[in-house]
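[1] Okay, structure incoming, though there's no sequence with it:
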């Protein structure tokens with residue numbers, strides 16, 4: 001698919017999305033590096049919880065992991081069910097971010113990191 005086709009919103013004949021993925025988002029799909037990062041984050045921090053974020057027109061489904069101290073990371077996953085299965089396999093609680101929102105400790109951690117840069 002050419003650049004102008006993307007601008008016009010044309011899709012490939014195969015029914016795939018704007019960048020060749022099956023969902024039609026502008027984001028890349030999840031991969032092995034994402035899974036590896038998730039596993040390492042959970043293994044190296046305590047009190048990690050998962051928050052599944054829905055796919056949008058711009059990004060694939062993601063899982064936001066938040067540690068007990070508020071440190072967080074976000075990675076792409078193949079879909080909400082994958083997030084629930086992955087969380088179960090890693091032994092961490094998982095929530096629907098649209099329902100629960102995000103924990104205050106995450107915002108506090110982000111604010112502390114911002115002040116470190118100032």
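    All right, it came through fine. The model shown is predicted, which means the values in this text are computed figures rather than measured ones.

[2] For stretch 67-84, buried residues please.
    Neighbour counts over stretch 67-84 (16 or more other Cβ atoms under 10 Å) mark 67, 70-73, 75-78, 80, 82-84 as buried. All C-beta spots, glycine's among them, are computed from the backbone N, C-alpha and C.

[3] got TSV for those, with pLDDT, secondary structure and distance to residue 110 too?
    Shown next, in TSV, are those (pLDDT from 0 to 100; DSSP: H, G, I helix; E, B strand; the rest coil; distance: Cβ to Cβ, whole Å):
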residue	pLDDT	secondary structure	distance to residue 110
67	98	coil	13
70	98	coil	8
71	98	coil	9
72	98	strand	8
73	97	strand	12
75	95	strand	17
76	92	strand	20
77	93	coil	22
78	91	coil	27
80	95	helix	24
82	93	helix	26
83	94	helix	21
84	95	helix	25
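
[4] out of those residues, who's nearest residue 42?
    For those, the residue nearest residue 42 by Cβ to Cβ is residue 67; the value is 8.8 Å.

[5] which residues touch that closest one?
    Residues in contact with residue 67 (Cβ atoms under 8 Å, 6 or more residues apart in numbering) are 41, 45-48.

[6] where does residue 69 land in three-state SS?
    coil (DSSP: H, G, I helix; E, B strand; the rest coil).

[7] where along the protein do the strands fall?
    With DSSP state E as the criterion, the chain has strands at 49-53, 62-66, 72-76, 94-96.

[8] looking at those strands, which is closest to residue 109?
    Checking the strands of the chain against residue 109 by Cβ to Cβ gives strand 72-76 as the closest, at 6.8 Å.
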